[in-house]
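> here is my input; please provide its structure:
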Amino acid sequence: MKRFFILIFLLCASVPSFSQEYDSVSAENDLTATILEEDSEEEGDSQALPDSSTIYTRHAEDEILKSLKSDPALQYKEPPTIAESLWDRFWLWLKQLLGALFEGAVSTNWGRVFMYITGTALVAVLILTMLRVNAFKIFYSG
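Numbers count the residues shown, from 1 in each chain. Sure, this is the predicted structure:
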């Protein structure tokens, strides 16, 4: 039984260590650079010409705007919702509080690693608590 829990713990602890081995962003940049180099070799030294297109401004007539504003098919306002209960407002407040606390923690690589380790440890403690296993026996049993 003890070996089973050690195996489960090691499996849970190793989950964050799997990552993507191939960096798709740098590969995409390499591919773009390769394509640009091939294009420049084919065309020689090309310089972009200045934009010579003519821009025409258009104005909508006031009558058309008034008719569009009064058209009920173009009114996208949502009907007012039912007032939230105190319980719903509490959960929304708690969600915003936790989001604000962890937003800075997961914005860096080390923050994400720390959060994965903490989450894995909490899941392991939860499982051991539910199974009523004293995990410290592993360290001092003879």
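> use CA for all of it now, contacts and neighbours both
Noted.
> contacting residues for R132?
Counting by C-alpha atoms under 8 Å, 6 or more residues apart in numbering, R132 touches no other residue.
> could you list the low-pLDDT ranges of the chain?
Scanning the chain for pLDDT under 70 picks out 1, 4-5, 7, 10-46, 141-142.
> now do the helices in it.
Shown for the chain, the helices assigned by DSSP state H span residues 2-14, 24-43, 62-70, 86-103, 109-130, 137-140.
> ok, now how distant is P50 from T57?
The gap separating P50 from T57 is 20 Å, by C-alpha to C-alpha, to the nearest Å.
> no no, M115
Separation of M115 from T57 (C-alpha to C-alpha) stands at 53 Å.
> the two: who's more crowded?
For M115 versus T57, the count of surrounding residues by other C-alpha atoms under 10 Å is larger for M115: 16 against 5.
> quick one: end-to-end length of stretch 70-83, please.
Distance across stretch 70-83, first residue to last, is 29 Å (C-alpha to C-alpha).
> quick one: F139 from I6, how far?
As judged by C-alpha to C-alpha, F139 and I6 stand 11 Å apart.
> correction: I127
For I127, the distance to I6 equals 12 Å [C-alpha to C-alpha].
> check S70 too.
Taken as C-alpha to C-alpha, the span from S70 to I6 is 69 Å.
> then F102?
30 Å.
> likewise P79?
Counting by C-alpha to C-alpha, the gap from P79 to I6 is 55 Å.
> and those two? which has more neighbours close in?
Taking neighbours as other C-alpha under 10 Å, P79 and I6 compare with I6 leading, 13 against 6.
> may I have stretch 129-140 as PDB, with CA atoms only?
Taking Å, rounded to 0.1, in the frame of the first residue of the first chain, the C-alpha atoms of stretch 129-140 are listed here in PDB:
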ATOM      1  CA  THR A 129      -6.400  12.900   3.700                       C
ATOM      2  CA  MET A 130      -9.400  11.300   2.100                       C
ATOM      3  CA  LEU A 131      -7.800   7.900   2.300                       C
ATOM      4  CA  ARG A 132      -6.700   8.600   5.900                       C
ATOM      5  CA  VAL A 133      -3.100   7.800   5.300                       C
ATOM      6  CA  ASN A 134      -0.400   9.200   7.500                       C
ATOM      7  CA  ALA A 135       2.200  10.200   4.900                       C
ATOM      8  CA  PHE A 136       4.900  10.900   7.500                       C
ATOM      9  CA  LYS A 137       5.200   7.200   8.300                       C
ATOM     10  CA  ILE A 138       7.100   6.900   5.100                       C
ATOM     11  CA  PHE A 139       9.900   8.900   6.500                       C
ATOM     12  CA  TYR A 140      10.300   7.400  10.000                       C
END
